[in-house]
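Participant: What would the 3D arrangement of this be:
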Amino acid sequence: MPIRVLIVDDEPLARDTIRLLLEDNPQFVVVGECKDGDEAVEAIQANTPDLVFLDIQMPGKNGFDVVEAVGPEKMPVVIFATAYDQYALQAFDAHALDYLLKPYDDDRFEKALDRAVKQIKQKQIGALSTELMALVEERRAEREAAPAPEPSAPLERIMIKERDALFFVKTEDIDWIEAAGDYVSLHVGKKSHLLRESMSGMETRLDAKRFVRIHRSTIVNVERIKELRPYFHGDYIVYLKDNTELRLSRRYWNRLEQVVGSK
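Facilitator: Now for the predicted structure:
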């Protein structure tokens with residue numbers, strides 16, 4: 001039976017690299033690819049892979065959050081992918097957990113893969129789950145002991161790269177933002193600009209007094225709202241001043257109410 005592999009990384013190139021490195025080896029079959037932590041949790045629970053390549057630094061849930069959400073005792077063999085500094089890498093070494101340092105080194109990749117195969121064949125999952133649990137507890141303790149970070153100032157402008165040009169967009173000029181796969185689309189007047197960012201990432205970086213999420217795939221500049229009209233099942237249609245129509249999901253109503261009510 002081939003070893004079932006799940007690849008988790010928010011960078012398409014990183015996922016492609018791992019898939020290509022495994023492609024010619026009949027010992028492995030890739031059963032899925034995930035671009036974020038939430039997808040990874042669902043895929044691990046649904047597909048029960050034997051081996052997971054798990055990126056540590058991802059928007060939303062990071063690699064450690066994935067392990068916590070699934071449960072260390074239910075995790076398959078894990079090879080972490082990371083760009084962490086040497087201090088952080090010592091934690092993996094201390095717990096006998098494998099990692100790949102970005103950019104990938106072929107020799108290191110093969111060694112990590114060989115070790116994972118031995119662990120799977122020797123059914124060392126129990127011992128690995130103990131080490132994963134220890135690592136998660138260690139990270140949790142560090143997080144609880146760390147002082148709360150100072151809130152960063154909201155973005156005032158965003159750098160956009162299009163073709164061979166770089167330019168800046170003032171956030172106050174953005175009308176609304178929509179999800180577009182691994183990107184977000186910034187709507188500014190009659191133009192739109194793609195930016196590689198997640199919706200949750202944009203939400204945390206923008207001025208919360210001006211921008212509010214009204215749907216899982218939509219953020220709106222409240223200064224651009226003209227009116228709201230009831231739709232179905234508690235949802236609303238949001239009309240902007242340029243007559244653009246957006247959907248307000250009832251689950252996000254309180255967010256809009258708080259922002260508008262504070263003005």
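Participant: Please work out how many residues are found near M159.
Facilitator: By other Cβ atoms under 10 Å, 10 other residues sit near M159. The way it works is simple: take the backbone N, C-alpha and C, and place the C-beta from them, glycine included.
Participant: Actually, P76.
Facilitator: The number of residues packed near P76 is 23, by other Cβ under 10 Å.
Participant: which residues does it contact?
Facilitator: Going by Cβ atoms under 8 Å, 6 or more residues apart in numbering, P76 touches L6, I44, T48, P49, D50, L51, V52, I125.
Participant: Go again with 7 Å.
Facilitator: P49, D50, L51, V52 (Cβ atoms under 7 Å, 6 or more residues apart in numbering).
Participant: In the chain, where is pLDDT below threshold?
Facilitator: Where the chain drops to pLDDT under 70, the residues are 84-91, 94-96, 124-126, 146, 148-151, 261-263.
Participant: Where is the longest helix in it?
Facilitator: Longest helix of the chain, by residue count under DSSP state H: helix 125-145.
Participant: Only alpha carbons, please: show that helix as PDB.
Facilitator: Only the C-alpha atoms of helix 125-145 are listed here, as PDB (Å, rounded to 0.1, in the frame of the first residue of the first chain):
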ATOM      1  CA  ILE A 125       2.700   7.100  16.000                       C
ATOM      2  CA  GLY A 126       2.200   6.800  19.700                       C
ATOM      3  CA  ALA A 127       5.700   8.000  20.500                       C
ATOM      4  CA  LEU A 128       5.400  10.800  18.000                       C
ATOM      5  CA  SER A 129       2.100  12.000  19.400                       C
ATOM      6  CA  THR A 130       3.700  12.200  22.800                       C
ATOM      7  CA  GLU A 131       6.400  14.500  21.300                       C
ATOM      8  CA  LEU A 132       3.800  16.500  19.500                       C
ATOM      9  CA  MET A 133       1.900  17.000  22.700                       C
ATOM     10  CA  ALA A 134       5.000  18.100  24.500                       C
ATOM     11  CA  LEU A 135       5.800  20.600  21.700                       C
ATOM     12  CA  VAL A 136       2.200  22.000  21.700                       C
ATOM     13  CA  GLU A 137       2.200  22.400  25.500                       C
ATOM     14  CA  GLU A 138       5.600  24.100  25.300                       C
ATOM     15  CA  ARG A 139       4.300  26.500  22.600                       C
ATOM     16  CA  ARG A 140       1.100  27.200  24.600                       C
ATOM     17  CA  ALA A 141       3.100  28.000  27.800                       C
ATOM     18  CA  GLU A 142       5.300  30.400  25.800                       C
ATOM     19  CA  ARG A 143       2.200  32.100  24.400                       C
ATOM     20  CA  GLU A 144       0.600  32.500  27.800                       C
ATOM     21  CA  ALA A 145       3.700  33.800  29.400                       C
END
